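1. 3D model of this:
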Amino acid sequence: MDVPALLDLYRRRGWMVATAESCTGGLIAATLTEIAGSSDVVDRGFVTYSNEAKTDLLGVPAAMIAAHGAVSAEVAAAMARGALEHSRATVSVAVTGIAGPGGGSAEKPVGLVYIGVARRDLVKRELGDPLVERHVFDGRRHEIRLQTVARAIDLLTEAAR
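-> Have a look, this model is predicted:
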């Protein structure tokens, strides 16, 4: 996770980032904006902790959340797409998961996180299909959130390559 290198890479390309965060509660945006001068790369961040916020701010269909659950690949993809649709960003990252210590189940254990990344096609001015990764991170709440942030930063870097 090399945030200064990520910011430099996006700056050189003239790209901007938007974040859509549930289980990390804004930690990805905070990590990006910890670096002075990041305002020319970071467009905005959405903290959409509740299902209603995902629908209201990002346009995630309530029916999708009801069908798949807030912690799902489908919702992570919709969050990433919604962050692009509601921003000037070139790339967005979205996270939804169960950081614990409670809230897990056999099907969706504590540590389960979906990370979605979407990129705007600058030539066609269209949104690409989001990439979604499924992870089951180990540790306590804080550790799960930090692992999620680290992977999200790495995915943002990979999206520019």
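2. which parts of the helix or strand where Glu52 lies are buried?
-> Assessed by DSSP states H and E, Glu52 sits inside helix 51-58. Applying a neighbour-count criterion of 16 or more other CB atoms under 10 Å, one finds 51, 54-55, 57-58 buried in helix 51-58. Glycine gets a C-beta too; all of them are placed from N, C-alpha and C.
3. which elements pack onto the next helix or strand after that helix?
-> For helix 51-58, the following helix or strand on the C-terminal side (DSSP H and E) is helix 62-68. When contacts are defined as 3 or more CB pairs under 8 Å, 6 or more residues apart in numbering; DSSP states H and E, helix 62-68 packs onto helix 51-58, helix 73-85.
4. out of those, nearest to Gly97?
-> Proximity to Gly97, assessed across the helices and strands packed on helix 62-68 by CB to CB, is greatest for helix 73-85 (8.7 Å).
5. from the chain's centre, how far out does that closest one sit?
-> Centroid displacement of helix 73-85 relative to its chain, using CA atoms, centre = their mean, to the nearest Å, is 8 Å.
6. now the helix holding Glu52 - C-alpha only, PDB.
-> The C-alpha trace of helix 51-58 is given here as PDB (Å, rounded to 0.1, in the frame of the first residue of the first chain):
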ATOM      1  CA  ASN A  51     -28.800   0.400   3.400                       C
ATOM      2  CA  GLU A  52     -30.800   3.600   3.000                       C
ATOM      3  CA  ALA A  53     -27.600   5.600   2.400                       C
ATOM      4  CA  LYS A  54     -26.500   3.100  -0.200                       C
ATOM      5  CA  THR A  55     -29.800   3.700  -2.000                       C
ATOM      6  CA  ASP A  56     -30.100   7.400  -1.500                       C
ATOM      7  CA  LEU A  57     -26.500   8.500  -2.200                       C
ATOM      8  CA  LEU A  58     -25.300   5.800  -4.700                       C
END
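7. report the angle between that helix and helix 73-85.
-> Interaxial angle, helix 51-58 versus helix 73-85 (axes from the mean of the first three to the mean of the last three CA atoms, to 10 degrees): 40 degrees.
8. re the thing from before, any idea which of the helices and strands packed on helix 62-68 gets closest to Ala29?
-> The closest of these to Ala29 is helix 73-85. By CB to CB, the value is 10.9 Å.
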